[in-house]
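Enquirer: what follows is a protein structure lacking sequence information:
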């Protein structure tokens, strides 16, 4: 079993199970539209909500019929899975960082896809409120995993680009 295999499946499984567990807890304990403060001092910055999103990010496609929305979201999820698999297969066996990032992306994609197929919408439960400067749309751990995975891949790409522009390391005086 390679390092990339372990990193990928640990990141995937951890994110997927955490997201699904949080969604089950929120559905059971927070009324739809309600809010729960889990840590004094963080309210209103961070709180737990129970929001439902039938559309995509920022409410995209919310006006489309359910069947059409589901078809688009399933197609996008399948394309994302294929892209993750292609990238994963091209990586060296020891690439833990990129493998974990891909696992987060796949875990988040799967977490939200399970919601869409079983509930017809995604359960969002994390709420960030910046006081007078507005609030971020509610999101979930699956969304966060996708964001962190993509961000990690971008950082890796930028670091490789910077290293290639710097050229080879200088040789010492022999």
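Expert: Ah, there it is. Not measured: the values here are computed from a predicted model.
Enquirer: name the nearest residue to residue 2, ignoring sequence neighbours.
Expert: Sequence neighbours aside, residue 93 is the residue nearest to residue 2 in space, at 4.0 Å (criterion: Cβ to Cβ, 6 or more residues apart in numbering). Using the backbone N, CA and C atoms, a C-beta is placed for each residue, glycine as well.
Enquirer: ok, that neighbour touching residue 3?
Expert: Yes: counting by Cβ atoms under 8 Å, residue 93 touches residue 3, with 6.5 Å between them.
Enquirer: which residues of this protein score low on pLDDT?
Expert: Within the chain, the ranges that satisfy pLDDT under 70 run 41-43, 132, 161-170, 172-174.
Enquirer: show me where it has strands.
Expert: Remark: strands assigned in the chain by DSSP state E are 35-36, 46-53, 122-128.
Enquirer: deepest-packed of these, please.
Expert: Most buried of the strands of the chain by mean neighbour count (mean count of other Cβ atoms under 10 Å) is strand 122-128; its value is a mean of 21.
Enquirer: what angle separates that one from strand 46-53?
Expert: If you take axes from the mean of the first three to the mean of the last three Cα atoms, to 10 degrees, strand 122-128 sits at 150 degrees to strand 46-53.
Enquirer: show me what strand 122-128 is packed against.
Expert: helix 3-29, strand 46-53, helix 96-119, helix 141-166 (3 or more Cβ pairs under 8 Å, 6 or more residues apart in numbering; DSSP states H and E).
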